[in-house]
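[1] quick one: sequence and predicted model below, then my questions.
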Amino acid sequence: MSVPSNTFLTTAAIGNREDLSDVIYRISPTQTPFISMSAKAKASNTLHEWQTQNLAAAVTNNAAAEGDNPTAKAVTPTVRLNNRTQISVKTVTVSGTELAMNPAGRKNELAYQMTLAGLELRRDMESSATQLDVLATSPRQSRGLLGWVVDNTSVGAGNTLSSYINNTGNTNGTLRAYTETQLKAVAQLVYTAGGDPDVLMMPPALKQTFSSFTGNSTRMDKGEDQKLYASVDVYVSDFGELKAVPNRFMRTRDVYLLEMDKWAIAYLRPFTTMELAKAGDNETREMLAEWCVEARAPKANGAIYDVQ
């Protein structure tokens, strides 16, 4: 069928508006499981300190003679731990001209960019909280999981664990396959040390490996809803249940068994937005948080390092 003569077509039109959706879609992940699951605490100094207490070893033959003159038990002193607060910051500058525009998908460019800055700041903090192994003073840096979880571990050949007592860093060992045997061994170590971990945190690739662990169960598909369940989200060990939590921002070679009520993020300054001085035709805002990881009982946790 031919087009009637003199029909005005879009190909000749000059004033048609562009078709730009008023919705902006984000693909970048924003989940921060470790920070989100940790308690919030208050820091009052850049050197944040707290104490832990170990009980004396159990005495099997604790049987006193009748009428015996008592002897005072040996006192186990507390252990003083500390971490440095880290200033994590994002700065946004938007020109006066852009602020006068009518952008698609948001009413105000500065407010939109500050929303993104907040999401990015939490991602940065999650990466720091899981990957940093030592505290530092210039600039200040908080010790993360890699530096705290060193007491109940399985490591590859040549690995040197971090030390939160001496503030020395981690040296990676030889990579090896991630196995259920390693998980069972570390779970036993943590239990023997007095911990009751409830979260198994691991990177995405190792989460898939974990889902292939068989335990002592038989996998089944639910034919009535035509779904095949290939994932495992809860692991019931001999020492309690572990919720499997994938984490995109941790190192790809680490797996953590965490007792989450023994972790906190201590804030010297919680998330704060500041308006910075004008230096031209623009508006500048800075968002920051000053914080550190508080490991309330490092020995209540465990780790499997150097796995793939």
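    Alright, I've got the coordinates.

[2] hey, C-alpha coordinates of the helix or strand of the chain with the lowest mean pLDDT in CSV?
    Ranked by mean pLDDT, DSSP states H and E, the weakest helix or strand in the chain is helix 96-100, scoring a mean of 84. Extracted in CSV, the C-alpha atoms of helix 96-100 (Å, rounded to 0.1, in the frame of the first residue of the first chain):
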residue,chain,number,x,y,z
GLY,A,96,24.8,26.3,38.5
THR,A,97,23.7,25.8,34.9
GLU,A,98,23.0,22.1,35.5
LEU,A,99,20.9,23.0,38.6
ALA,A,100,18.8,25.3,36.4
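
[3] what's the offset of that helix from the middle of its chain?
    37 Å (Cα atoms, centre = their mean, to the nearest Å).

[4] which strands or helices does the helix or strand just after it pack on?
    Sequence-wise, the next helix or strand downstream of helix 96-100 (DSSP states H and E) is helix 109-131. Judged by 3 or more Cβ pairs under 8 Å, 6 or more residues apart in numbering; DSSP states H and E, the packing partners of helix 109-131 are helix 33-37, strand 86-95, helix 96-100, helix 145-148, strand 263-275, strand 282-295. In this view, the C-beta of every residue, glycine as well, is placed from N, C-alpha and C.

[5] quick one, which of these is packed in tightest?
    Sort the helices and strands packed on helix 109-131 by mean neighbour count, taking mean count of other Cβ atoms under 10 Å, and helix 145-148 sits at the top with a mean of 25.

[6] give me the residues contacting it.
    34, 129-135, 162, 164, 169-170, 250-251, 254, 256, 293, 295, 298, 301, 303 (Cβ atoms under 8 Å, 6 or more residues apart in numbering).

[7] where does this protein dip in pLDDT?
    1, 6-10, 12-29, 216-230 (pLDDT under 70).

[8] tell me which residue lies nearest the centroid of it.
    Taking Cα atoms, centre = their mean, the centroid of the chain lies closest to F34, which sits 3.2 Å from it.

[9] between the helices and strands packed on helix 109-131, which gets nearest to V232?
    helix 33-37 (16.8 Å; Cβ to Cβ).

[10] packing partners for the closest one?
    helix 109-131, strand 199-202, strand 240-246, strand 263-275.

[11] C-terminal to the longest one, what's the next element?
    With elements assigned by DSSP H and E, the helix or strand that comes after helix 109-131 is strand 136-137.

[12] who does that next one pair up with?
    In the sheet, strand 136-137 lines up against strand 140-141 (antiparallel) (DSSP bridges).

[13] what lies in contact with the strand it pairs with?
    Counting by Cβ under 8 Å, 6+ apart, strand 140-141 makes contact with T46, R84, T85, Q86, I87, S128, L132, V134, L135, all of which sit outside it.

[14] what about burial for these, which qualify?
    Among the contacts of strand 140-141, the ones that count as buried by 16 or more other Cβ atoms under 10 Å are R84, T85, Q86, S128, L132, V134, L135.

[15] max pairwise distance over these: which two?
    Distance extremes for the buried ones among the contacts of strand 140-141: the farthest pair is T85 and V134 at 14.6 Å, using Cβ to Cβ.

[16] still on that earlier bit, now which of the contacts of helix 145-148 would you call buried?
    When the contacts of helix 145-148 are checked against 16+ other Cβ under 10 Å, the ones flagged as buried are 34, 129-135, 162, 164, 170, 250-251, 254, 256, 293, 295, 298, 301, 303.

[17] list the helices and strands the helix or strand harbouring V255 packs on?
    Per DSSP H and E, V255 falls inside strand 254-258. Contact here means 3+ Cβ pairs under 8 Å, 6+ apart; on that basis strand 254-258 packs against helix 145-148, helix 180-193, strand 199-202, strand 302-305.

[18] export the ones you listed as JSON lines, with columns for distance to A72.
    As requested, those are exported to JSON lines (distance: least, Cβ to Cβ, whole Å):
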{"stretch": "helix 145-148", "distance to A72": "34"}
{"stretch": "helix 180-193", "distance to A72": "26"}
{"stretch": "strand 199-202", "distance to A72": "40"}
{"stretch": "strand 302-305", "distance to A72": "34"}
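
[19] of all the ones you listed, which one is nearest T11?
    strand 199-202 (54.9 Å).

[20] can you list contacts of the closest one?
    So strand 199-202 is contacted by 33-34, 37, 130, 183, 210, 235, 242-247, 250, 254-260 (Cβ under 8 Å, 6+ apart).

[21] shouldn't R251 be in contact with T130?
    Yes - because the distance of 7.2 Å satisfies Cβ atoms under 8 Å, R251 is recorded as touching T130.

[22] just give the nearest non-adjacent residue to F213, would you?
    Leaving aside its chain neighbours, F213 sits nearest to E180 (4.2 Å; criterion: Cβ to Cβ, 6 or more residues apart in numbering).
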